[in-house]
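**Student:** I'd like to go over a predicted model; first the sequence, then the structure.
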Amino acid sequence: MSSATSPAPTTTGYRGSAKLLTGIVLGVLTFWLFAGSMGTVAPNVLADINAGAEHISASAMNMAVSITALFSGLFIVLMGGLADKVGRLRVAIAGNVLGIVGSLFVVVAAGDLALPLMLTGRVIQGLSAACIMPSTMALLRAYWDGADRQRAVSMWSIGSWGGSGLSALCGGIIATTLNWRYIFVLSIVVSVIAIVLMLGAPESKVESTVRKKFDVPGLVAFMAMTLAFMIVVIFGRQIGWGSPVIWILAVVGVVAAVVFVTLEKRNSDNPFIDFALFRNKTFSGATLSNFLLNCTIGLLMVSQQLFQMSDKGYTPLKASVLTIGYAVFIIGLIRVGEKLLRAYGPRKPMIWGTLIVALSAILLIPTNLLVGQYQVLAIIAYCLFGIGLAFYATPSTDAALSNLPADQTGAGSGIYKMASSLGSAVGAAVSLTIFSSMAGSGASWLGTVLATQGTLDNQGVRQAASVAMIFNLVLTLVALASILITVPKGTKYNDD
């Protein structure tokens, strides 16, 4: 296997080719387009796997949806550093191999082994993304220059943002016309093509005599903390909030958090997360708002599942078609965010983008309406969601990284990317947990404000979705506050 995937030795003066760039973009798509579609088709997956008997609960499915982004976020810094040391191309190819393995596990998930196979596959897909994203971005910096690099980065961004925007539609089409498993069969095919296109390109890595050990204890403590809290949030209601298991996990999470902070403060050489970066107020605010706005992916997942759970015949395809505006606007306007940054600096576009996302959350709250009325609001909300994120993305990245000293931009970039992935994981987990845990009982207090129209048979489900949307609205308001407090006005800013 090593001989089949070993890249060619480094060639001085190599210029990136269309072949290599296509392979890179396809590799990026395996996460954003295919793995990212699971949240939309989750009801279809549950119906298929649980056709004879229940093998995966709704809570376990929520974990399967969110765990890929979680592991991507946990390991993206480690894999980025590994790529610099052993070779960016080698790690990118390894990431695609992991993507193939992970997708195979998901494809064969069935029967009594459905849950372990599904979770294992989704974890491996997260590790795949952690390998592919930092290594391919580093390859762009190594093999493209000037206008060619800008074009290459734009193509990479289309793969990530565009893939994210089209994931619901892609997943819906495949799940409805074929079967949800073919989403991951197609992902395997795309990964194989990506590997073939990358082979033969020269290797790229950092030639350095200084060897820094990766902060493995810090990573382990951070992972234990995050997983413990995620399990408590997702399974707390199902297991029982008073259960010893939940309390033990909560204690494990708190202890791991204390250990993590202690380790990182003592590790001044090469910490997993350098707390010194957060002394920079602008970096802190931009990273926090980035985390929170990525959390709002729950808006899309919950609303899509709500449509599919209605009695109006919403297949994954019919529901996903409503998200076309999201894809169109996030792809079409991502460069507009760059122009707004140049004209106004990062603060105003970040504020505008966050306010637009907040408006999309507000439009998705009134699930008490008739489904036809709510569909109109959802279409508008999805468009606004894409516009808001497009306005926010580039200015936020600039605010986070441009104000850091040159020797801290690498570490800052890793933390910023990790915040994106962890935000998606946490947002999906919490939003879907609110939705699934309250679907049976609903929220009676909400009925006094938003009187349910039409049938009352699904009132609990609709009210649960409203509460999830309100949660996401709160996230956007906190993100807005962090921007207002930390990101300076004007086009120039300096925290020194």
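**Tutor:** Ah, there it is. Numbering: from 1, shown residues only.
**Student:** dump the residue contacts of the closest residue to Tyr143 other than its chain neighbours.
**Tutor:** Closest residue to Tyr143 apart from its sequence neighbours, by CB to CB, 6 or more residues apart in numbering: Gly16 at 3.7 Å. In this view, the C-beta of every residue, glycine as well, is placed from N, C-alpha and C. By CB atoms under 8 Å, 6 or more residues apart in numbering, Gly16 lies in contact with Leu139, Leu140, Tyr143, Trp144, Asp148, Ala152.
**Student:** quick one: average pLDDT of stretch 80-97?
**Tutor:** Taken as a whole, stretch 80-97 has a mean pLDDT of 91.
**Student:** buried ones in the one helix or strand Leu219 maps to?
**Tutor:** Secondary-structure assignment from DSSP states H and E places Leu219 in helix 216-239. Neighbour-count burial for helix 216-239 flags 218-219, 221-236, 238-239 (criterion: 16 or more other CB atoms under 10 Å).
**Student:** look up phi and psi at Arg462.
**Tutor:** Dihedral pair for Arg462: phi -70, psi -40, per degrees, to the nearest 10.
**Student:** coming back round to it: return a selection command, for use in PyMOL, containing the buried ones of the contacts of Gly16.
**Tutor:** Restricted to buried positions by 16+ other CB under 10 Å, the PyMOL selection for the contacts of Gly16 reads:
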select buried, resi 139+140+143+144+152
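**Student:** now tabulate the contacts of Gly16 in TSV and tack on pLDDT.
**Tutor:** Shown next, in TSV, are these (pLDDT from 0 to 100):
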residue	pLDDT
Leu139	90
Leu140	87
Tyr143	89
Trp144	86
Asp148	82
Ala152	84
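**Student:** ok, the contacts of Gly16 vs Ile248, which is closest?
**Tutor:** Among those, Leu139 lies closest to Ile248 (CB to CB), at 43.8 Å.
**Student:** state the distance from the closest one to Ala201.
**Tutor:** For Leu139, the distance to Ala201 equals 8 Å [CB to CB, to the nearest Å].
**Student:** run through who's touching stretch 441-461.
**Tutor:** For stretch 441-461, the external contacting residues (CB under 8 Å, 6+ apart) are 306, 309-311, 365-371, 438-440, 462-464, 466-467.
**Student:** average pLDDT for the helix or strand hosting Ala428?
**Tutor:** Taking DSSP H and E as the definition, Ala428 sits inside helix 409-438. Helix 409-438 carries an average pLDDT of 86.
**Student:** start the count at 19 instead of 1 going forward.
**Tutor:** Noted, 19 is the first residue going forward, which turns the last one into helix 427-456.
**Student:** tell me how many other residues surround Leu495.
**Tutor:** As a burial measure, Leu495 scores 15 neighbours (other CB atoms under 10 Å).
**Student:** for it, give me its contacts.
**Tutor:** Shown in contact with Leu495 (CB under 8 Å, 6+ apart): Ala376.
**Student:** contact partners for the closest residue to Ala482 other than its chain neighbours?
**Tutor:** In space, and not counting its chain neighbours, Ala482 is closest to Met456: 3.7 Å by CB to CB, 6+ apart. By CB under 8 Å, 6+ apart, the contact set of Met456 is Gly478, Gln481, Ala482, Val485.
**Student:** give me the subset of those lying in helices.
**Tutor:** Among those, DSSP state H puts Gly478, Gln481, Ala482, Val485 in helices.
**Student:** scan the contacts of Met456 and report the most crowded one.
**Tutor:** Ala482 (25 neighbours).
**Student:** contacting residues around that residue?
**Tutor:** Ile452, Phe453, Ser454, Ser455, Met456, Ala457, Gly460, Ala461.
**Student:** dump these into CSV; add distance to Asp102 as well.
**Tutor:** Listed next are the contacts of Ala482 as CSV, based on distance: CB to CB, whole Å:
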residue, distance to Asp102
Ile452, 40
Phe453, 40
Ser454, 41
Ser455, 42
Met456, 45
Ala457, 46
Gly460, 51
Ala461, 49
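**Student:** what does stretch 36-47 contact?
**Tutor:** 110, 113-114, 117, 150-151, 154, 157-158, 161-162, 170, 173-174, 176-178, 181, 208-209, 211-216, 219.
**Student:** which of the residues you listed are buried, as a PyMOL select command?
**Tutor:** In PyMOL syntax, the buried subset of those is picked out as below (16+ other CB under 10 Å):
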select buried, resi 110+113+114+117+150+151+154+157+158+161+162+170+173+174+176+177+178+181+208+209+212+213+215+216+219
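**Student:** now for the ones in helices among the contacts of Met456, which pair is the farthest apart?
**Tutor:** Every pair of those checked by CB to CB; the farthest is Gly478 and Val485, at 10.7 Å.
**Student:** tell me where the stretch 269-418 of the chain has helices.
**Tutor:** Taking DSSP state H, counting those that start in this stretch as the criterion, the stretch 269-418 of the chain carries its helices at 299-313, 315-327, 334-339, 342-350, 352-362, 365-382, 389-419.
**Student:** pull out the buried positions in the last one.
**Tutor:** It refers to helix 389-419. 389, 392-393, 395-397, 399-419.
**Student:** ok, now the shortest one?
**Tutor:** Of all the residues in helix 334-339, those buried under the rule 16+ other CB under 10 Å are Pro334, Leu335, Ala337, Ser338.
**Student:** distance to Leu135 and pLDDT for the residues you listed - can I get that in JSON lines?
**Tutor:** Shown next, in JSON lines, are the buried residues of helix 334-339 (distance: CB to CB, whole Å; pLDDT from 0 to 100):
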{"residue": "Pro334", "distance to Leu135": "21", "pLDDT": "88"}
{"residue": "Leu335", "distance to Leu135": "26", "pLDDT": "89"}
{"residue": "Ala337", "distance to Leu135": "26", "pLDDT": "90"}
{"residue": "Ser338", "distance to Leu135": "25", "pLDDT": "90"}
